[in-house]
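Visitor: Attaching a predicted model along with its sequence, questions to come.
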Amino acid sequence: MLSNLDIEKVLFIDIETVPAVPVFEELPENWQQLWKHKMQFKTEEGEDAAALYQRAGIYAEFGRIICISAGYIATRNGERQYRVKSFSNASEKELLTQFFEAVTKFTHTGKKMLCAHNGYEFDFPFIARRALVQGVKLPPVFDIAGARPWEMKEHFIDTLQLWKFGDYKHYTSLSLLCALFEIPTPKDDIDGSQVAQVYWGENDLDRIVRYCEKDTLAVANLLLKYKVEELIQQDQVVSV
């Protein structure tokens, strides 16, 4: 399958998310109760659901997107480039609108696909859910509610699912696969568990954007490894 995949028709994406508010106590009372209900089977004995609020960013109902990075491989003057663009905005609605405009432009001709690591379970549905919350119309590629697995595969590539080779028993992180394939890691500054602190505590969105862009490059290089092709090097990366 991968031998027939045109790598230049793939858009590599990654999202960064945070809890909707900095701390649990800032949630309205009804949302505090909803969070406690959500966490009722995830807390250990004697553990307070409020202590788990730092995890809220992984749930579309309690978190929001602060950055989406998207990159693609293109050949210019006989040389490969990795062209990457990020969408970050205090307004999640505006961020999603701009991202969907770019996705529509990329996918409007020919068979184009979107690729992410663990995209089936996180990036793709999270984007679609938050768009609905914000009242942003989904482009056709993200209109996936009720889609069957084979229908998902028409539009999306998940490097985690490809690595499983049909084995559904475990999760393999992008960091582990980067180490395994000797791909420069995007975790050389921060990792996903630190994003909320960098955003709410340090107000450093630019740092998060850089991290997010590195993630998309890592995913692109991982797919190139799956295809047994040469990696994209840092001097081939162009911000657009």
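Guide: Yep, it's here. Everything quoted here is computed from the prediction, not taken from an experiment.

Visitor: C-alpha only now, for contacts and for neighbours.
Guide: Will do.

Visitor: What is the neighbour count of residue 221?
Guide: 21 (other CA atoms under 10 Å).

Visitor: Give me the residues contacting the lowest-mean-pLDDT helix or strand in the chain.
Guide: Every helix and strand of the chain was ranked by mean pLDDT, DSSP states H and E. The lowest is helix 149-152, at a mean of 76. The contact list for helix 149-152 (CA atoms under 8 Å, 6 or more residues apart in numbering) reads residue 144.

Visitor: Then stretch 53-60?
Guide: Against stretch 53-60 from outside (CA under 8 Å, 6+ apart): 17-20, 23-24, 62-64, 126, 129-130, 196.

Visitor: please redo it, this time with the cut-off set to 6 Å
Guide: 17-19, 24, 62-63, 126 (CA atoms under 6 Å, 6 or more residues apart in numbering).

Visitor: Same check on stretch 183-200?
Guide: 18, 22, 204-205, 214-215.

Visitor: Residue 218 and residue 64, how far apart?
Guide: 23 Å (CA to CA, to the nearest Å).

Visitor: mind listing what's buried in the lengthiest helix in the chain?
Guide: Secondary structure of the chain read by DSSP state H shows that its longest helix is helix 205-226. Applying a neighbour-count criterion of 16 or more other CA atoms under 10 Å, one finds 205, 208-209, 211-225 buried in helix 205-226.

Visitor: what does stretch 160-174 give?
Guide: With the criterion 16+ other CA under 10 Å, stretch 160-174 contains buried residues 160-161, 174.

Visitor: quick one: strands adjacent to the helix or strand containing residue 73?
Guide: Using DSSP states H and E, residue 73 sits within strand 63-76. According to DSSP bridges, strand 63-76 has the following sheet partners: strand 10-19 (antiparallel), strand 79-88 (antiparallel).

Visitor: who wins for proximity to residue 97 among these?
Guide: strand 79-88 (9.6 Å; CA to CA).

Visitor: Could you pull out the strands in this protein for me?
Guide: Ranges of strands within the chain are 10-19, 63-76, 79-88, 113-116, 156-158, 237-239, based on DSSP state E.

Visitor: Contacts for the third one next, please.
Guide: Right, strand 79-88. 66-74, 95, 236-240.

Visitor: go on, the longest one?
Guide: Contacts of strand 63-76 with the rest of the structure, by CA under 6 Å, 6+ apart, involve 8, 11-20, 56-57, 80-88, 213.

Visitor: Just the buried residues from the residues you listed, in ChimeraX please.
Guide: Command for ChimeraX that selects the buried part of those, burial taken from 16+ other CA under 10 Å:
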select :11,12,13,14,15,16,17,18,19,20,56,57,81,82,83,84,85,86,87,88,213
